[in-house]
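Enquirer: quick check, what structure comes out for this input:
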Amino acid sequence: MTTRAETATETAPRRADGPRKAAGTAPYAYDYRVADPAYIAPVQATVARGRVLEVDAFGAEAVEGVLTVLWHANAPRLASEPDLSGLQRAAELAVLQSGEVAYRGQIVAAVVAETFEAAWQAAAQVRVRYEQLPHDVGLSDQRADAFAPEEDHRQGDTAEAAPADVVVEHTYTTAMQHNNPMEPHTTVAHFDGAALTLYESTQGAHEARRTVAAMTGLDPDSVHVIAPYVGGGFGSKGPLHAPTVLAALSAVALPGRSVKLALTRRQMFTLVGYRSPTLQRVRLSADAEGRLSGIDVLATVQSSHVADFVEPAAQASKSMYAAPNRRMGHRAVRLDAPVPTWMRAPGECPGMFGPEVAVDELAWSCGLDPIEVRLRNEPDRDPHTHKPFSTRNLAACLREGARRFGWADRAPEPG
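Expert: This is a model prediction of the structure:
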């Protein structure tokens, strides 16, 4: 007879990667020992938008140990129309395929050399001449060119929400955030003329394999992604980013030679995505007892002219509080900026800030305790899907937290 303790449920299985990570012996992507490695140093655009007119590699090629300087005129060609099967917009990964510059920090060239030091010394000698074009990096919720990525969630009419003894309406902002895990994005690539092997810092080895195969035109069976350990990712290592494609191109340009690429901390802020800043206009309508009659959340977020990624900041509000009149929606603005990406708790992390601060302000306007206002608006089923919750312990957590913190004895005035 199997006892409860012998089942997988409610046990604490040993993490297969735990001991080696804790001991410092786990090999991360850049740690893999390969024979006679070469090293990649990216060259990044110094203009926010424009075209590369010329790459002068004379000084770089004079550095001892330089094997090649890649740019859009001599880099291996990627698949002309890769089938990414909805994984990702190909434009974000079209590294060194044209002279177009879509944002400051974009990869416009790369040096591959015998040593790490030679690669970076040579990269500093690459001279790039640009045609600079006007750029646009201003995020605003007043822009006429903002687009709705999907239809707004609507229920009733928030403009006519009644009763409305109290109305709170403000715009709340959250800043851009960057993924910076312990292990930066790194790749070791080797192409033997037929198969491509990547030692990759990734949260999705299968997605990396499919995407690299599509971008390079190789059969997926000829692409091997090895990633037994990942030193953090927070979501940014889920989709593929430009540095991995650069490593693959460099390996293809030097068949039979392993190449290594590790981003610097500075490059992490440009080349592997980020969480978009948000502008959240929140309008709450309620009766004098704090019971909501209208919830209106419209989040404006940043996207890119390179590819669209929309931080779903208004999504969390759909399931938080019930009201007869509700609207949740998004507006995105395409800018001359890198493409945002997943970051831990996408949507929920920034999206809970605006509405929850608004609930606090609503409670103050009603002369009520903020926890009591939340309890009065706690739904008995999901307000968006109308399905019963499988579990929802928010009310119990609020009550227990208030007890433990001595909430009732606090000075209630806002700090």
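Enquirer: and Leu261, that's in a helix?
Expert: No: counting by DSSP: H, G, I helix; E, B strand; the rest coil, Leu261 falls outside a helix, being strand.
Enquirer: now do the same contact list for it.
Expert: Leu261 makes contact with 39-40, 42, 186-189, 243, 246-247, 250, according to CB atoms under 8 Å, 6 or more residues apart in numbering. Where you see a C-beta, it was placed from the backbone N, CA and C, and this is true even at glycine.
Enquirer: so what strands line up beside the longest strand along the chain?
Expert: For the chain, the longest strand by residue count, based on DSSP state E, is strand 292-304. Strand 292-304 sits in its sheet next to strand 278-286 (antiparallel), strand 325-335 (parallel), going by DSSP bridges.
Enquirer: tell me the one of the contacts of Leu261 nearest Val359?
Expert: Val359 has its nearest neighbour among the contacts of Leu261 in Pro243, at 41.4 Å by CB to CB.
Enquirer: for the helix or strand hosting Val373, packing partners?
Expert: Per DSSP states H and E: Val373 is located in helix 370-376. Counting contacts by 3 or more CB pairs under 8 Å, 6 or more residues apart in numbering; DSSP states H and E, helix 370-376 packs against helix 353-366, helix 394-405.
Enquirer: go again using 10 Å as the cut-off
Expert: On a contact count with 3 or more CB pairs under 10 Å, 6 or more residues apart in numbering; DSSP states H and E, helix 370-376 meets strand 278-286, helix 353-366, helix 394-405.
Enquirer: only C-alpha atoms, please: export whichever helix or strand Cys349 is part of in PDB.
Expert: Here Cys349, judged by DSSP H and E, is contained in helix 348-351. C-alpha atoms of helix 348-351 as PDB (Å, rounded to 0.1, in the frame of the first residue of the first chain):
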ATOM      1  CA  GLU A 348       1.000  41.300 -13.000                       C
ATOM      2  CA  CYS A 349       4.100  42.900 -11.500                       C
ATOM      3  CA  PRO A 350       3.700  46.400 -12.900                       C
ATOM      4  CA  GLY A 351       0.000  46.100 -13.600                       C
END
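Enquirer: for that helix, enumerate the helices and strands it packs against.
Expert: By 3+ CB pairs under 10 Å, 6+ apart, helix 348-351 packs against strand 166-174, strand 278-286, strand 292-304.
Enquirer: neighbouring strands of the helix or strand following the first one in the sheet, and parallel or not?
Expert: I take that to be strand 166-174. The first helix or strand that comes after strand 166-174 along the chain, using DSSP H and E, is strand 186-191. Counting by DSSP bridges, the strands paired with strand 186-191 are strand 196-200 (antiparallel), strand 259-262 (antiparallel).
Enquirer: got the buried residues for the helix holding Cys349?
Expert: 349-351 (16 or more other CB atoms under 10 Å).
Enquirer: okay, those residues in a markdown table with distance to Leu53 next?
Expert: Formatted as a markdown table, the buried residues of helix 348-351 follow (distance: CB to CB, whole Å):
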| residue | distance to Leu53 |
| --- | --- |
| Cys349 | 41 |
| Pro350 | 39 |
| Gly351 | 42 |
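Enquirer: so who does Ser365 touch?
Expert: Contacts for Ser365 (CB atoms under 10 Å, 6 or more residues apart in numbering) come out as 165-168, 284, 286, 288, 290, 373.
Enquirer: which of those residues count as buried?
Expert: 166, 168, 284, 286, 290, 373.
Enquirer: show me the beta-bridge partners of the second one.
Expert: By that I understand Val168. Beta-bridge partners, per DSSP bridges, of Val168: Leu284.
Enquirer: okay, it: pLDDT?
Expert: Looking at Val168, its pLDDT is 97.
Enquirer: hmm, it is touching Arg283, no?
Expert: Yes: Val168 is within contact range of Arg283, at 7.2 Å (criterion: CB atoms under 10 Å).
Enquirer: which neighbours do those two have in common?
Expert: Ala358.
Enquirer: count the neighbours of the closest residue to His241 other than its chain neighbours for me.
Expert: Excluding its sequence neighbours, the residue lying closest to His241 (CB to CB, 6 or more residues apart in numbering) is Val272, at 4.7 Å. As a burial measure, Val272 scores 26 neighbours (other CB atoms under 10 Å).
Enquirer: residue contacts, Val272?
Expert: Applying CB under 10 Å, 6+ apart to Val272 gives the contacts 178-181, 184-185, 233, 236-237, 239-244, 263, 338-339, 341.
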